[in-house]
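S.K.: here is a sequence together with a model predicted from it:
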Amino acid sequence: MDVVLLVKAAIMGIVEGLTEFLPISSTGHLILAGALLGFDDEKAKVFDIAIQTGAILAVIIVYWQKIRSTIVSLPSDREAQRFALNVLVAFIPAVVLGLLFGKAIQQNLFTPPVVATTFILGAFVILWAEGRHHPKVRIQEVEEMRWTDALKLGLVQCFALIPGTSRSGATIIGGMLLGLSRKAATDFSFYLAIPTLIGAGAYSLYKERGQLGPEDIPMFAVGLLFSFVSAWLCVRWLLRYISTHDFKPFAWYRIAFGLIVLITWWTGWVQWTPA
């Protein structure tokens, strides 16, 4: 058993768990961490996709009570049916556009300039949304959403197909701009993450199944474990954070990280390869 490889898997799992659900994009962080660790071959790219499962499991556990009550009540409760329908409606646009343009995006947009640009542009959107623009809050809780609200959020989520945008950032800030409260936008972003990331991960793993073998089980197990633990801590922290804070600190972080991406790429300090 390669202990160094397991340590690298643990570090990558922590990076995934800490960045997947914050509005800072996990993509750029995984690319940079993988490059610095020398963990960026074809198998490592499959690993980056697989460890999303650990992060998703953390969300399912945090929101288990709501998920369980929805499943149990689904046959007869109108509110549960509407909630499930909203998640499905919001999920569909990313599936359609991902299947249509996913390959082209991966081939052409997974570059340091694009990642850095989307990091910085996303920061300015957050600052604008949290600054002068104060949309009237129409929806305090996710249960109040209509299917049209869900569809709009699903379309907003599609911006995250561009690397560096941040799926969480797009859905949370997009939700706030569409009239959701900070809590409702964050909650729905997490609920929507469950089918979105599970679907994307399963599809990618199926396509790349030839890269995997029994000898990779320890590496994947370690990555999943650390992804789960760090995501669980991060999600619980974020839910407390949004009750009294805005997202401006994440915007400034995005600008700093975008500049780091550009500098490391321009100087050749880090050999950036697509995730």
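M.R.: Alright, I've got the coordinates.

S.K.: next, count neighbours for Ala104.
M.R.: The local packing count at Ala104 equals 9, with neighbours defined by other Cβ atoms under 10 Å. (C-beta placed from N, C-alpha, C; glycine too.)

S.K.: need the contact list for it.
M.R.: By Cβ atoms under 8 Å, 6 or more residues apart in numbering, the contact list for Ala104 is empty.

S.K.: remind me which helix or strand it belongs to.
M.R.: helix 78-108 (DSSP states H and E).

S.K.: flag every buried residue along that helix.
M.R.: Using 16 or more other Cβ atoms under 10 Å as the test for burial, helix 78-108 gives 80, 82-84, 86-87, 89-91, 93-95, 97-98, 102, 105.

S.K.: avg pLDDT for that helix?
M.R.: Averaging pLDDT along helix 78-108 gives 92.

S.K.: try stretch 26-33
M.R.: 87.

S.K.: likewise for stretch 201-218?
M.R.: pLDDT averaged over stretch 201-218 gives 78.

S.K.: in that stretch, what counts as buried?
M.R.: 201, 204-205, 216.

S.K.: same question for stretch 18-27.
M.R.: By 16+ other Cβ under 10 Å, the buried positions in stretch 18-27 come out as 18-27.

S.K.: returning to that earlier point: how far off centre is the next helix or strand after the helix holding Ala104?
M.R.: Using DSSP H and E, the next helix or strand after helix 78-108 towards the C-terminus is helix 112-130. Relative to its chain's centre, helix 112-130 lies at 15 Å (Cα atoms, centre = their mean, to the nearest Å).

S.K.: quick one, helices of the chain?
M.R.: 3-19, 26-37, 42-50, 52-62, 64-73, 78-108, 112-130, 147-157, 167-177, 182-207, 217-241, 248-267 (DSSP state H).
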